[in-house]
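In: attaching a predicted model along with its sequence, questions to come.
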Amino acid sequence: MISHQVIQSSLEELRGITRIDLCVLETDGSQVASTFDASGITLEMTRSFAQSPAEGQNLQGCHFFKVYDEGILAYILLAKGSGDDAYMIGKVAVSELQNLIVAYKERYDRNNFIQNLLLDNLLLVDIYSQAKKLHIQTEAMRVVYLIETRDEKDVMALEAVRSVFAPKSQDIITAVDQKNIVVVKSVGEEDTYDTLDEIAVMLAGMLNTDEDSSRIRVAYGTMVSQIRDLSKSYKEAKMALEVGKIFYPEATVNAYHTLGIGRLIYQLPQPLCEMFMQEVFHENTPDTFDEETLSTIEKFFENNLNVSETARQLFVHRNTLVYRLEKLQKTTGLDIRVFEDALTFKIALMVASYMKYLEKEQL
């Protein structure tokens, strides 16, 4: 149902244009919105008109009209005045209200349709029939963005996202749970993944207005051309969001097509991960390393296994860094100065992060 605030705004706009005061009442006589003091209109008067077969009446200096929703009486509208102008504006206001009812119901139906589509709750035949009914193109390039907020039911974030996309466009903004905002974005022929990334960065930057940069995370899937494949793009965005939190915690934007090895590790079963960790580290798992060792390893990987540059950035002598790396080699059996061992070690660290995530999820 339309909010009272929307109806009030519509009445005020009509009042500003026509100078005719208007009032909308529920069928039981309670007031919804008004531009004048309608206290002279009694509940009995409204209820009597609602129950009568008449479509309009002139009572107490006002024209009364009925507003329907698919043949069912939804509201009573009053146009103040007994002349032809008040009658004509009243009829216009009735038409405006009925159009608003249709528009809001369609918006609600579109949201429900998109939510069920993303969650794979629709049969293929239903997808195309409902899309046609709701005037949604079935063949068009689209991508799904998933925006995770820190707070549940973050209304301000939802409204901020809606303000970015034109209301009359083919873009649809909805939510499938308490913490995630979904944007089904239409993609133009000239758009590339660089364009999609710019939109994601813009959304994250707009929503992360406070000092906590981790407040909002944005992820997106791959572009799809068929409406039935939107659930695929949604699942990809959801995976990108989770993989980003595990392996790339500093990033606020993650794209499915750039997840790399993180996406592969995310899909491994836990027993296989445990077996791999045992083979690589035996008893010396990464959580037994001290902070100095971990920071040394991280900086060494950041500098592409360059010993001199890593020593410079850590403010230590080159021989000190070599000593640390040799000590790590004695502990783990891996010399991360050698590419193959470095690759094994890097993957093992990522698997360790994934296993920590699994343990946290199981609590």
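Out: Structure's in. What do you need?
In: from here on, contacts and neighbour counts on C-alpha atoms
Out: OK.
In: helices of the stretch 151-300 of the chain, start to end?
Out: Taking DSSP state H, counting those that start in this stretch to define them, one finds helices in the stretch 151-300 of the chain at 155-164, 193-207, 230-247, 261-266, 270-281, 291-302.
In: deepest of these, which one?
Out: Highest mean neighbour count among the helices of the stretch 151-300 of the chain (mean count of other C-alpha atoms under 10 Å): helix 230-247, with a mean of 23.
In: dump it to PDB, restricted to CA.
Out: Output of helix 230-247 as PDB, limited to C-alpha atoms (Å, rounded to 0.1, in the frame of the first residue of the first chain):
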ATOM      1  CA  LEU A 230      20.500 -13.400 -13.100                       C
ATOM      2  CA  SER A 231      20.600 -15.900 -10.300                       C
ATOM      3  CA  LYS A 232      24.000 -17.000 -11.500                       C
ATOM      4  CA  SER A 233      25.400 -13.500 -11.400                       C
ATOM      5  CA  TYR A 234      23.800 -13.100  -7.900                       C
ATOM      6  CA  LYS A 235      25.500 -16.300  -6.600                       C
ATOM      7  CA  GLU A 236      28.800 -15.100  -8.100                       C
ATOM      8  CA  ALA A 237      28.500 -11.700  -6.400                       C
ATOM      9  CA  LYS A 238      27.700 -13.500  -3.100                       C
ATOM     10  CA  MET A 239      30.800 -15.700  -3.500                       C
ATOM     11  CA  ALA A 240      32.900 -12.600  -4.300                       C
ATOM     12  CA  LEU A 241      31.700 -11.000  -1.100                       C
ATOM     13  CA  GLU A 242      32.600 -14.000   1.000                       C
ATOM     14  CA  VAL A 243      36.000 -14.700  -0.700                       C
ATOM     15  CA  GLY A 244      36.900 -11.000  -0.400                       C
ATOM     16  CA  LYS A 245      36.300 -11.000   3.300                       C
ATOM     17  CA  ILE A 246      38.500 -14.200   3.800                       C
ATOM     18  CA  PHE A 247      41.400 -13.500   1.500                       C
END
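In: sorry, back to before: out of the helices of the stretch 151-300 of the chain, flag the one nearest residue 15.
Out: Nearest to residue 15 among those is helix 155-164; the distance by C-alpha to C-alpha comes to 26.4 Å.
In: which strands and helices sit next to that closest one?
Out: helix 193-207 (3 or more C-alpha pairs under 8 Å, 6 or more residues apart in numbering; DSSP states H and E).
In: pLDDT weak spots in the stretch 101-250 of the chain?
Out: 106, 108, 152-153, 166-168, 210-215 (pLDDT under 70).
In: mind running it again at 50?
Out: Along the stretch 101-250 of the chain, segments meeting pLDDT under 50 are nowhere present.
In: for the stretch 101-250 of the chain, which segments count as strands?
Out: 139-148, 172-175, 180-186, 217-220, 224-226 (DSSP state E, counting those that start in this stretch).
In: residue 34: which of these is closest?
Out: Among the strands of the stretch 101-250 of the chain, strand 172-175 comes nearest to residue 34, with 30.7 Å by C-alpha to C-alpha.
In: please tell me how far the most far-flung residue of the chain relative to its centre sits from residue 342.
Out: In the chain, the greatest distance from the average C-alpha position (C-alpha atoms, centre = their mean) is reached by residue 319, at 50.8 Å. Distance of residue 319 to residue 342, given as C-alpha to C-alpha, to the nearest Å: 19 Å.
In: which of the helices of the stretch 151-300 of the chain sits closest to residue 35?
Out: Ranking the helices of the stretch 151-300 of the chain by proximity to residue 35 (C-alpha to C-alpha) places helix 155-164 first, at 27.0 Å.
In: gap between that closest one and the chain center?
Out: Offset of helix 155-164 from its chain centre (C-alpha atoms, centre = their mean, to the nearest Å): 9 Å.
In: quick one on the thing from earlier: now the helices of the stretch 151-300 of the chain as CSV including distance to residue 334?
Out: Converted to CSV, the helices of the stretch 151-300 of the chain look like this (distance: least, C-alpha to C-alpha, whole Å):
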stretch, distance to residue 334
helix 155-164, 47
helix 193-207, 37
helix 230-247, 22
helix 261-266, 20
helix 270-281, 8
helix 291-302, 12
